[in-house]
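>>> Below are the sequence and a predicted model; questions follow.
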Amino acid sequence: MSSIAAVEREAQFGFLPTTRSERPFGLWDYMAIQVGFGIAAWCFLVGGLTGTVLDAGTAIPVILLGNALPVFLIAPLALLFARHGVDTFMGVRAALGYRGADLFFLVFAILNLGWITIATFLLGESAIKVMAQIGAPEFLTTSETGSPIFAIAAFFVAAGIAYRGPLMIRGLVRIGVPALFVILAGLILYVLVIEGVDKLFATQPAAPYDESRRSVASALEWNVGLGFSWLPYLGQWCRLTNSERAAHYGTYFGWGVLLNVAAIFGAFTALLVASLDPTDWMIAVGGVGLGLVGLLFMILANLTSAVVLIYSQALSVKSVLPSWRWSWAVATTFPAAILMLSPEFYANYSRFLAYISFIMAAYAGVLMVDYFLLRRQRINVRELYNRGGAYRHWGGVNVVAYASIAVGAVFYFWTYNPADDVAGPLFGWLSAGIPTFFLTGAVYWVAANVLMRNRLERPMDAVATVPQA
Amino acid sequence: MDYIERQAREAPDEFTRGMYAELQQRLERIERGDPEFRIERMHLADLRVPGAVMIAIVAYFLVVVGMPS
């Protein structure tokens, strides 16, 4: 089968509601998949950020709560995607409208460019450290010139692999995912055996905020950002589970709980090495020899992450716009290369996480209220696909949902301004992402009950929901 | 003729037409209640385990980091 044919088969599979025989994942398989997909550069980076502002004893509960709570709050949406076997951007059409769901897809695609940049720039940072060790020319060993060169080169290699389709990607994943687990095992060994628990818990963070409450709130917000960031990826995985419980448990325990092992040991290593950059850890932890091996593993793992992210976005584009050529779908990720031209975006990972925290918390609040409280888990599958049908709302957009998200935005930026890292009066007590989830959901519930009562009841009269098993 | 049928008949490329034709068949099977499109439902009681883990994590956080006062 040609690569285009393989891609078209996958795009068609991603588009259609899945049958029972097309769902390979039980509870344990699914949890393993979520851990394998989830543990990547972003876990080590968020752990590294946390370890620069919090000591080990505080970092553990902050990372656990920061990741587990948002995933716990969005995990019930796993039922929507698992029950009907639909992808995220189909499943959210009832709540957001057809064009509103397209807008959510656009938001996802833009944020995905950020994740691609993070993965490839971390690869670039790893590569310049390797170059420094082998005595390469200076311009290949600095973050200003070397990292962008390697990041952009790696990005186009990753795009080429993604273009070749699923068979080549599966081969790479089989090497790249274990590479990350080897790095994680090395960090665990370093922290527990070489440095020891006593030293770890006695070490103070390198760059805490002036107030400890602010350090906790900021670290919590970064982790909450990572927790909520899984929202747009829910559907593509949950539709492949063979029970709703597997979808819910796998999502919660995989992304919300088990993934924290990588973030926590990232925080521990950042504390001990006094650097938030995972590429600094390798030589510090393993010396030159093992450090170089660690950096090469880091390069491989981040190349894999970039390939998976590019492929995932391109496949979603192909499902939403089936008539597009596969090369155009892959090319939608090319703007990421602009973000790789300087180290600025990579250096502002904490701000990126805060923006994700706001956007995804607000969307999640709306989606949860819409599916569980307003529609009481009743969705008409045909109407999800029938553009111009029952979920048209106002010109294809659920204006009430987006107005509620706008209210959530005002609240978030009043509570915390990520651009200038300025905290409002509530930030130290509540952080920002979690209250934004609840506030946006509450505003939507009230507004929808007032403004959408008739619209909510209409599609239910002719419902074509999946019957009870 | 709704959007799905229109795409299945009139979409400019064969790939899109085939995809919507397959979708139409699957939707009809879903509407007939085909068991191939049913999976085991989750019940409220199934939330006990993740709920207990979440409560433990919140309690751990509050004990170590402290209650807002």
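Yes, it's here.

>>> Please make it C-alpha for all contacts and neighbour counts, starting now.
Fine.

>>> can you give me the helices for the stretch 301-450 of chain A?
Using DSSP state H, counting those that start in this stretch, the helices of the stretch 301-450 of chain A run over A:326-331, A:336-339, A:344-347, A:349-368, A:381-385, A:399-415, A:427-430, A:433-451.

>>> And the second one, what does it pack against?
So that's helix A:336-339. For helix A:336-339, the elements it packs on are helix A:98-133, judged by 3 or more CA pairs under 8 Å, 6 or more residues apart in numbering or on different chains; DSSP states H and E.

>>> hmm, the helix it packs on in reach of chain B?
No: counting by CA under 8 Å from any CA of the partner chain, chain B is not contacted by helix A:98-133; separation bottoms out at 12.3 Å.

>>> next one: that helix to chain centre, how far?
Using CA atoms, centre = their mean, to the nearest Å, the mean C-alpha position of helix A:98-133 is found 10 Å from that of the whole chain.

>>> One more: stretch A:305-315?
The answer for stretch A:305-315 is 12 Å, by CA atoms, centre = their mean.

>>> I would like the residues contacting it, please.
For stretch A:305-315, the external contacting residues (CA atoms under 8 Å, 6 or more residues apart in numbering or on different chains) are A:7, A:10-11, A:14, A:40-41, A:109, A:112, A:115-116, A:119-120, A:155, A:158-159, A:161-163, A:165, A:169, A:176, A:326, A:329-333.

>>> how much space is there between residue B:45 and residue A:201?
39 Å (CA to CA, to the nearest Å).

>>> ok, those two, which is more surrounded?
Set side by side, residue B:45 and residue A:201 show more neighbours around residue A:201, with 15 against 8, by other CA atoms under 10 Å in any protein chain shown.

>>> Name the helix or strand for the more buried one, please.
For residue A:201, the host element (DSSP states H and E) is helix A:197-202.

>>> Output the contacting helices and strands for that helix.
Against helix A:197-202 (3+ CA pairs under 8 Å, 6+ apart) you get helix A:56-74, helix A:260-273.

>>> One more pass at 7 Å, please.
Judged by 3 or more CA pairs under 7 Å, 6 or more residues apart in numbering or on different chains; DSSP states H and E, helix A:197-202 is in contact with helix A:56-74.

>>> what residues does chain A put near chain B?
Contacts of chain A with chain B, taken as CA under 7 Å from any CA of the partner chain, map to A:12, A:16, A:19-20, A:58, A:61-62, A:64-65, A:83, A:242-245, A:322-323, A:382, A:386-387, A:429, A:464, A:466-467, A:469.

>>> Mind checking which of these are buried?
Neighbour-count burial (16 or more other CA atoms under 10 Å in any protein chain shown) applied to the residues of chain A next to chain B gives A:12, A:16, A:19-20, A:58, A:61-62, A:64-65, A:83, A:242-245, A:322, A:382, A:386-387, A:464, A:466.

>>> Could you list the contact residues of chain B toward chain A?
So far as CA under 7 Å from any CA goes, chain B lies against chain A at B:2-4, B:13, B:16, B:19, B:23, B:27, B:30-31, B:33, B:36-42, B:57-58, B:60-61, B:64-65, B:68.

>>> Can I get the buried part of these as one PyMOL selection?
Buried subset of those, written as a PyMOL selection, criterion 16+ other CA under 10 Å:
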select buried, chain B and resi 4+16+19+23+27+30+31+33+37+38+39+41+42+57+58+60+61+65
